[in-house]
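Undergrad: Could you work out the structure for the sequence below:
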Amino acid sequence: MRATERQTELRIKRLQANRFGRAGVHAPRHLIRCLALAVFMAGCTPLLMHCGGSAGAQDSDSTLLLSLLQNENDFSSDSSAYTSNLTVNLERVRYCKNWLCTKQTTPSKFRYWEEEGVGRGHQRDTYIATISQPSRSNVENLVFFAAGQQPPGNGVPNSLTGQDDKYKKNCEGRTASCNRSIDGRSLTRQVMASGMFPMNRTFMAVAFDTQFNHLRSSDEKADMERAYLRWLLDKAYSSNVKRIYLAGSSRGGCLVMRLAQAIRENYSYRNIPLIVHSFDGVCKRTQNELGTYNSKIYNPLNSRYFSWRTNLSAEFPYKNRLAIFHIAGGDEVIVLSGAHSFAYAGGNVDYGWYRQQWVNLEHVTIGRDYSVAAQTISPALQHLQANFNSL
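TA: Alright, predicted model coming up:
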């Protein structure tokens with residue numbers, strides 16, 4: 001048996017142990033080998049939730065095989081062992097049309113940024129990869145991952161989105177898009193591998209650089225928030241949406257929290273299950289962003305770290321079918337910057353609609369380091385799985 005086919009068979013055996021074993025029955029060995037061979041011949045493995053030419057595309061045969069191997073509501077919590085890197089088409093919201101950049105264009109798919117008045121320089125520096133985009137009428141799940149603020153240069157890695165270091169290199173100027181890799185250890189790939197969001201019914205995208213930067217003015221941030229919100233919600237009809245999942249780290253964490261607020265304010269989406277993950281999300285206190293104000297909550301695991309207090313109960317008045325998970329560290333993002341994450345409580349809490357967990361980790365470690373995945377990615381996946389069917 002070829003190596004890839006053998007790996008697929010082992011994957012099915014593990015799924016068999018998780019699924020059939022609970023019922024006290026076992027799938028026949030010939031069925032396992034048959035399924036493994038069929039999946040291998042189809043050019044798709046259960047850990048890769050898309051097949052075919054373009055990123056996110058999935059043919060009906062592969063969908064059928066995946067449904068046999070892994071029901072969308074019966075997923076394994078140990079998917080990390082089977083997840084590979086994924087190549088995606090990373091697109092720029094705006095790019096130059098000539099060498100001097102005197103002519104520029106914003107593709108129609110990103111028209112929201114232009115219509116909402118987002119600065120054109122910020123548009124050019126916004127990098128987004130669409131992993132899956134079925135036709136609007138088929139979308140039941142909206143999933144969006146946002147990396148933290150990117151420093152000047154060619155870009156830095158992020159363990160949520162899975163982006164690599166220097167992903168912007170040779171992807172600037174007149175370049176509209178470029179192929180880049182998403183790390184198999186990332187939260188993005190782990191969520192894909194879990195099977196919770198079938199790609200043929202899910203719009204899924206990752207922002208490597210949101211440009212939702214800490215020092216932007218309140219008006220600039222409001223423009224960007226509206227652009228992201230319209231872009232995301234236009235991918236589905238509200239009457240068809242079953243779940244929304246948003247996750248972000250640092251400034252990306254603040255962005256997804258603000259998007260979650262806006263979604264909840266929209267009556268059409270108010271009762272749709274909404275799961276939000278913030279990894280040491282940083283909102284600007286001096287702008288009262290996300291309700292943060294001049295009151296410190298010290299990290300109970302490290303008194304050198306603190307977060308800015310916010311009353312999230314007031315920020316999210318509509319708590320029905322809402323599940324927020326916030327990992328708080330409180331380390332100062334940049335020395336003497338005053339930039340810290342937000343927090344709602346002084347300890348680890350779980351109010352159902354809101355769960356908070358403190359970690360004794362530096363800020364950049366939370367958003368970039370895979371070696372601490374047991375304190376970041378793993379609990380996030382557990383929270384997502386726990387709330388997936390309960391909301």
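
Undergrad: what are the ranges of the helices in the stretch 201-350 of the chain?
TA: Along the stretch 201-350 of the chain, the stretches classed as helices by DSSP state H, counting those that start in this stretch are 218-233, 251-265, 312-315.

Undergrad: try the stretch 51-200 of the chain
TA: Assignment of helices within the stretch 51-200 of the chain using DSSP H, counting those that start in this stretch yields the ranges 60-69, 111-115, 120-124, 187-194.

Undergrad: Go through those and find the least confident stretch.
TA: Among the helices of the stretch 51-200 of the chain, helix 60-69 has the lowest mean pLDDT, at a mean of 37.

Undergrad: got the domain boundaries for the protein?
TA: As recorded under automatic domain parsing, the domains making up the chain are 3-72, 89-388.

Undergrad: Can you tell me which of the ones you listed is most buried?
TA: For the domains of the chain, the stretch with the most neighbours on average is domain 89-388, a mean of 20; neighbours defined as mean count of other C-beta atoms under 10 Å. Where C-beta positions appear, they are placed from N, C-alpha and C, glycine not excepted.

Undergrad: Endpoints of that domain, how far apart?
TA: This stretch, domain 89-388, spans 28 Å end to end (C-alpha to C-alpha, to the nearest Å).

Undergrad: Ok, stretch 326-333 next?
TA: For stretch 326-333, the first-to-last residue distance is 17 Å (C-alpha to C-alpha).

Undergrad: contacts for it?
TA: Contacts of stretch 326-333 from elsewhere in the structure, counted by C-beta atoms under 8 Å, 6 or more residues apart in numbering, are 214, 250, 253, 277-282, 297-299, 302, 304-307, 338-344, 354-363, 366, 375-376, 379-380.

Undergrad: Could you pull up the residues touching Ile275?
TA: Taking C-beta under 8 Å, 6+ apart as the criterion, Ile275 is in contact with Arg243, Ile244, Tyr245, Leu246, Ala323, Ile324, Phe325, His383, Leu384, Asn387, Phe388, Leu391.

Undergrad: Quick check: beta-bridge partners of it?
TA: When bridges are assigned using DSSP bridges, the partners listed for Ile275 are Tyr245, Ala323.

Undergrad: So for it, what's the pLDDT?
TA: pLDDT, Ile275: 98.

Undergrad: How about Thr83?
TA: Confidence per residue is given as pLDDT, and for Thr83 that number is 82.

Undergrad: surely Thr126 meets Asp209?
TA: Yes - under the criterion of C-beta atoms under 8 Å, Thr126 lies in contact with Asp209, with a separation of 6.0 Å.

Undergrad: Run through the protein and note the low-pLDDT ranges.
TA: Low-confidence segments of the chain, defined by pLDDT under 70, are located at 1-82.

Undergrad: Spell out for me which residue occupies the centre of it.
TA: Relative to the mean C-alpha position of the chain, the nearest C-alpha, by C-alpha atoms, centre = their mean, is the one of Phe145, at 2.3 Å.

Undergrad: isn't it right up against Leu255?
TA: No - the pair Phe145 and Leu255 does not pass the contact test of C-beta under 8 Å, sitting 10.6 Å apart.

Undergrad: which residues are common contacts for these two?
TA: The overlap between the contact sets of Phe145 and Leu255 (C-beta under 8 Å, 6+ apart) consists of Gly248.

Undergrad: mind checking how far stretch 110-124 is from the chain centre?
TA: Centroid displacement of stretch 110-124 relative to its chain, using C-alpha atoms, centre = their mean, to the nearest Å, is 22 Å.

Undergrad: Give me the distance between the two termini of that stretch.
TA: Stretch 110-124 has its terminal residues 11 Å apart, counting by C-alpha to C-alpha.

Undergrad: what's next to it, contact-wise?
TA: 91-96, 104, 106, 126, 128, 211, 220, 223-224, 226-228, 230-231, 234.

Undergrad: switch the cut-off to 10 Å
TA: The list of residues contacting stretch 110-124 from outside it, by C-beta atoms under 10 Å, 6 or more residues apart in numbering, reads 91-96, 101, 104-108, 125-126, 128, 172-173, 209-213, 216, 219-220, 222-232, 234.

Undergrad: circling back to that earlier point, residues shared between the contacts of Thr126 and Asp209?
TA: In terms of C-beta under 10 Å, 6+ apart, Thr126 and Asp209 are both contacted by the residues Arg92, Val93.
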